[in-house]
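Visitor: Sequence and predicted model, in that order:
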There are 2 protein chains.
Amino acid sequence: MQKKPDSLYVSTLARGLQILRAFDESHVSLSLTDLVARTGLEKSSVQRMAHTLHLEGMLERDPKTRRFRPSHAWLELAYTYYWSDPLIARALPKLIEFSQAKGETINLAQISGDHIIYSLRLPNQRTHFAASIVGRRLPALNTAAGRVMLSTRSESDIAAACAEWPVVQATRKTLMNRDDIARSILKAREDGFCITRDQMLLNEISVAAPIRGTEGQADAAVQISLSGITYDEQLALEKFLPTLLDTTAGILG
Amino acid sequence: MQKKPDSLYVSTLARGLQILRAFDESHVSLSLTDLVARTGLEKSSVQRMAHTLHLEGMLERDPKTRRFRPSHAWLELAYTYYWSDPLIARALPKLIEFSQAKGETINLAQISGDHIIYSLRLPNQRTHFAASIVGRRLPALNTAAGRVMLSTRSESDIAAACAEWPVVQATRKTLMNRDDIARSILKAREDGFCITRDQMLLNEISVAAPIRGTEGQADAAVQISLSGITYDEQLALEKFLPTLLDTTAGILG
DNA sequence: GCTGATTGTATCATTTATTGATAGTTATGA
DNA sequence: TCATAACTATCAATAAATGATACAATCAGC
């Protein structure tokens, strides 16, 4: 828009994408004026972009309220993503196996810049909604999965990430001190797994193990969520770590 | 592109979306020339659109092969979709319950034009990949879920759909005769469920029940997939139909 | 059920940003 | 190694997007 002195950059397309990105988990349905407010674009421009996205099937429109909302096409894109990422097909059967054997929530997480993104999720009854659906992004440093992936990188990479990557306070017990986070990562480096508690959700224990690529580095991890009321850390590891490590070992990074 | 005499239609944005849609389950990675071939756009135009989509994080690019592929953003869109559709949150806990109780593959399907789209899937070990991932679209008439949704509509709607909606031959046993399909739908209308066999996959039994809205019409259905080797139709109904109907009854359309 | 305010829709002259052709560069494969 | 294909960069022409504005439809409050 402003600072793109790039002769190949098509700002019209970028504006259209801005409309799509104006929707998020707390803005699931937007009126024209909402879109104007959230994107900062001209009213006319928003009108045209939303209209076009609607015609092209990317936005649904409530004929009564005239509000726009995501269409099924957003799920179709996910479908295509799944086919495009070879790790998904390799990991899915192993995760299903784990899920059915243990009855606990299990996820595949991948690194995505300085965040992790959950790309496969097999929830159980106790899993809350946000933790049941794919595509969720969380700051890597705040999650067991992100830390265990980082732990497979060089110490300088780890230090850089700990210094620069974002952290968010999700619970009153979320680790915010970057030295503490660094220690957690270095411990994961020793252990080959990472366990956290109360980080994104109170009374939630999270255990993650890396899916290592050929260089030993991990861009993905398998993570399980357990009730911190039912289990303490030690028991969680006893009951689930061996299977978790089997699972990750059985997936080629 | 060609026939859009619409002063609000932004063709540049539509061209960008064409690039995204050039990817599908059998075209997961596309070079510039592939994109030109699949979209029919000018090379320069494709170059600019792909470049912009890459900068905006919608396309990943292999620096070695220079091929484009879907990015994690495609999953994030699905995440937002899930929040935007209130049915998802209502259905998910019930599906999880079913899945963990029965250990069989269970899906939430929604009508999407003349297709169904799977919006939630809880696979089991025997589920093959394409049937494990959300966002898959199938012709409504070929699926138990599609038929049972149609069965809640008026007889004229059913007749019209049977006459016009697409059907595809997925297996050698796929019902292609539209009268047979109509009979299947009318039976589902009587029964309140629909059962099929060998339609999308050989030796697969599919049982679906509608999630009815306030008018009695269904835009969604819950469907289970069962091995046709382990079960015959009668046994499948005996073992799973009551729970399936409980599940759909517990979800407000 | 009215009325004023807000939101959404339609139109149009201006000009910017996209276009498509092409030349240049890098990669690929025989 | 050379020939060919794929990708990248540049630029003048102009088509297409822009943003201002006028008009119409809803909605909220009375």
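Guide: Thanks, I have it.
Visitor: what's the helix or strand for the nearest residue to A:Ala221 once chain neighbours are set aside?
Guide: Leaving aside its sequence neighbours, A:Ala221 sits nearest to A:Ala145 (Cβ to Cβ, 6 or more residues apart in numbering or on different chains; 4.2 Å). In this view, the C-beta of every residue, glycine as well, is placed from N, C-alpha and C. Element membership of A:Ala145, judged by DSSP states H and E, is helix A:144-150.
Visitor: Could you do A:Tyr81 as well?
Guide: Per DSSP H and E: helix A:73-84 holds A:Tyr81.
Visitor: Now do the contacts for the residue in the stretch 51-200 of chain A that DNA strand D sits nearest to.
Guide: Closest contact between the stretch 51-200 of chain A and DNA strand D, by Cβ to the nearest atom of the strand, is at A:Thr65 (5.8 Å). For A:Thr65, the contact set (Cβ atoms under 8 Å, 6 or more residues apart in numbering or on different chains) comprises A:Ser29, A:Ser31.
Visitor: which bits of the stretch 1-150 of chain A sit near DNA strand C?
Guide: A:7, A:9-13, A:31-34, A:43-44, A:47, A:66-67 (Cβ under 7 Å from any atom of the strand).
Visitor: Looking at neighbours, which among those is most surrounded?
Guide: Within these, neighbour counts (other Cβ atoms under 10 Å in any protein chain shown) peak at A:Leu13, which reaches 26 neighbours.
Visitor: quick one: secondary structure of the closest residue to DNA strand C within the stretch 51-200 of chain A?
Guide: In the stretch 51-200 of chain A, the residue that lies nearest DNA strand C is A:Arg66 (4.4 Å; Cβ to the nearest atom of the strand). Per DSSP: H, G, I helix; E, B strand; the rest coil, the local secondary structure of A:Arg66 is coil.
Visitor: Next one, pLDDT for it please.
Guide: Note on A:Arg66: pLDDT of 91.
Visitor: same check, this time on A:Pro63
Guide: 87.
Visitor: quick check, it in a helix?
Guide: No. Under three-state DSSP, A:Pro63 falls outside any helix and is assigned coil.
Visitor: Show the residue spans covered by the strands in chain A.
Guide: Assigned by DSSP state E, the strands in chain A fall at A:59-61, A:68-70, A:105-112, A:115-122, A:137-139, A:194-197, A:204-212, A:218-227.
Visitor: Which one of those strands lies nearest to B:Pro123?
Guide: strand A:115-122 (8.2 Å; Cβ to Cβ).
Visitor: Would you mind getting the angle between the closest one and strand B:115-122?
Guide: Calculated by axes from the mean of the first three to the mean of the last three Cα atoms, to 10 degrees, strand A:115-122 forms an angle of 90 degrees with strand B:115-122.
Visitor: Check which strands are paired with strand A:115-122 and give the direction for each one.
Guide: strand A:105-112 (antiparallel), strand A:137-139 (antiparallel) (DSSP bridges).
Visitor: what's the closest of the ones you listed to B:Thr248?
Guide: The nearest among those, by Cβ to Cβ, is strand A:105-112 at 24.2 Å.
Visitor: Spit out the contact partners of the residue nearest to A:Ala221.
Guide: A:Asn107, A:Ala109, A:Ile116, A:Cys194, A:Ser206, A:Ala208, A:Ala221, A:Val222, A:Gln223 are the contacts of A:Ala145 under Cβ under 8 Å, 6+ apart.
Visitor: any idea what sits nearest the fifth one, other than its immediate chain neighbours?
Guide: Spelled out, that is A:Ser206. A:Ala144 (4.2 Å).
Visitor: Would you confirm that that neighbour contacts A:Arg197?
Guide: No. Here A:Ala144 lies out of contact with A:Arg197, judged by Cβ atoms under 8 Å, at a distance of 9.3 Å.
Visitor: and for the two, which residues touch both?
Guide: The contact lists of A:Ala144 and A:Arg197 share A:Ser206, where a contact means Cβ under 8 Å, 6+ apart.
Visitor: out of these two, which sits in the busier spot?
Guide: A:Ala144 (27 against 20).
Visitor: From A:Leu41, how far out is A:Gly135?
Guide: According to Cβ to Cβ, to the nearest Å, A:Gly135 stands 25 Å off from A:Leu41.
Visitor: which residues touch stretch A:108-121?
Guide: A:82, A:85, A:87-88, A:91-92, A:95, A:105-107, A:131-141, A:143, A:145-146, A:149, A:161, A:164-166, A:208, A:219-223, B:72, B:75-76.
Visitor: Show the average pLDDT along it.
Guide: 98.
Visitor: Would you pull up how far that stretch lies from the middle of the chain?
Guide: Relative to the chain's own centre, stretch A:108-121 is displaced by 4 Å; criterion: Cα atoms, centre = their mean, to the nearest Å.
Visitor: how deep is the closest residue to A:Ala89 other than its chain neighbours tucked in, by neighbour count?
Guide: In space, and not counting its chain neighbours, A:Ala89 is closest to B:Phe129: 5.4 Å by Cβ to Cβ, 6+ apart. Per other Cβ under 10 Å, the neighbour tally for B:Phe129 reads 14.
Visitor: is it true that B:Phe129 touches A:Leu92?
Guide: Yes. If you go by Cβ under 8 Å, B:Phe129 and A:Leu92 touch, sitting 6.8 Å apart.
Visitor: Please parse chain A into its domains.
Guide: Taking automatic domain parsing as the criterion, chain A consists of the domains A:11-71, A:76-249.
Visitor: For those, could you give me TSV that also reports distance to B:Ile181?
Guide: Listed next are these as TSV, based on distance: least, Cβ to Cβ, whole Å:
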stretch	distance to B:Ile181
domain A:11-71	26
domain A:76-249	24
